[in-house]
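In: with the input below, show me the fold.
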Amino acid sequence: MSYPNSLDESIRTNPPALLSIGELAFVLGLSPRAVHNYVARGLIPRVKLGRRVLFRWTQVQASLAKLEKAGG
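Out: Okay, the predicted model is just below:
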């Protein structure tokens with residue numbers, strides 16, 4: 001899976017409130033597979049709307065901050 005063509009660098013500095021898996025992967029500098037793995041491990045929260053999986057940027061930031069504190 002590759003990143004959507006419509007993404008530009010501005011999304012990294014100002015992400016929207018809801019992100020697709022490709023967008024989140026792009027913002028975090030990860031592969032979409034890595035995001036899937038973090039979700040499966042319960043490290044990144046997701047919102048499921050039907051078959052669509054989205055991520056609330058504020059919740060992702062909070063989860064990453066918790067991980068950072070726990071690891072450091």
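In: which residues of this structure fall in helices?
Out: Assigned by DSSP state H, the chain shows helices spanning 10-13, 21-28, 32-40, 57-71.
In: please identify the deepest-packed of those.
Out: helix 21-28 (a mean of 21; mean count of other C-beta atoms under 10 Å). Quick note: C-beta positions are derived from backbone N, CA and C, even for glycine.
In: could the helices of the chain go into TSV alongside distance to K48 and mean pLDDT?
Out: Converted to TSV, the helices of the chain look like this (distance: least, C-beta to C-beta, whole Å; pLDDT from 0 to 100):
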stretch	distance to K48	mean pLDDT
helix 10-13	22	81
helix 21-28	12	95
helix 32-40	10	96
helix 57-71	13	92
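In: just give me the neighbour total for I44.
Out: Residues lying near I44 (other C-beta atoms under 10 Å) number 22.
In: so what's it up against?
Out: By C-beta atoms under 8 Å, 6 or more residues apart in numbering, the contact list for I44 reads L24, V35, Y38, F55, V60, S63, L64.
In: ok, so of those, who is nearest A17?
Out: Nearest to A17 among the contacts of I44: F55, at 9.7 Å, using C-beta to C-beta.
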